[in-house]
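Q: Whatever this is, show me its structure:
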Amino acid sequence: MTDSVPKFIPVDNAAQIFVSIYSHKETTMSRIAVNLKKPIDKVKLTAALEKVMKRFSFYQVYLKKRFFDYIFERTDDLPVIEEDTKWTNRHIDFEDNNFPFSIKIEENTLAV
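A: Numbering: from 1, shown residues only. Model prediction:
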C-alpha cells in the first residue's frame, strides 16, 4: 500500500445517501460481467489483483461507519475472489470489514 492514499477518506453526499438506503432487500448494486474465451485461473487472477491494487490503491479501502457519517478506511488487505452464484447482487455487509465491491468468477465469467 502506498502512503499517497490517506488513511481516512470522506465519502461524498451521494455515497452517504447510498449507504442509508442500502438494505438486504434493496441492494441497489451494479454488476459488470465479462465472458472470456478461456476458463479463468484463480491463482493467476489473484496475482494480477495484487499488482493492480498496488497501482490503484485508492480501491483498497473498507467502508466504515462513524457516528454521523461514513468514510473509506485504507487497508492492506486484498479483496477475496469468490465463486459466482445465481444470486448475483447479494448484500455486502459494510460493518464486517468488506470492500465496497466484490470480485466473482465462474468458469470463463469474471464479474465485479
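Q: Residue 75 versus residue 98, what's the distance?
A: 10 Å (CB to CB, to the nearest Å). From N, CA and C alone the C-beta is placed, and that goes for glycine too.
Q: any shared contact partners between the two?
A: Residues touching both residue 98 and residue 75 (CB atoms under 8 Å, 6 or more residues apart in numbering) are residue 62.
Q: Would you state the helices of the protein in chain order?
A: 13-21, 42-55 (DSSP state H).
Q: In terms of mean pLDDT, which of these ranks lowest?
A: Among the helices of the chain, helix 13-21 carries the lowest mean pLDDT, a mean of 68.
Q: Tell me the pLDDT of the residue nearest to the spatial centre of the chain.
A: What sits nearest the mean C-alpha location of the chain, by CA atoms, centre = their mean, is residue 101, with 2.1 Å. We have a pLDDT of 81 for residue 101.
Q: ok, now how distant is it from residue 62?
A: 11 Å.
Q: now do residue 5
A: For residue 5, the distance to residue 62 - CB to CB - is 13 Å.
Q: who's in contact with residue 72?
A: Shown in contact with residue 72 (CB under 8 Å, 6+ apart): 8-11, 61-64, 100.
Q: nearest to residue 37, of the residues you listed?
A: residue 100 (29.9 Å; CB to CB).
Q: That closest one contacts residue 63, doesn't it?
A: Yes. The pair residue 100 / residue 63 is scored as a contact, 5.0 Å apart, by CB atoms under 8 Å.
Q: Residue 66 - how many residues pack around it?
A: When neighbours are defined as other CB atoms under 10 Å, residue 66 has 10 of them.
Q: ok, it to residue 8 distance?
A: From residue 66 to residue 8 the distance is 9 Å (CB to CB).
Q: Equivalent analysis for residue 100, please.
A: Counting by CB to CB, the gap from residue 100 to residue 8 is 15 Å.
Q: Great, nothing more from me.
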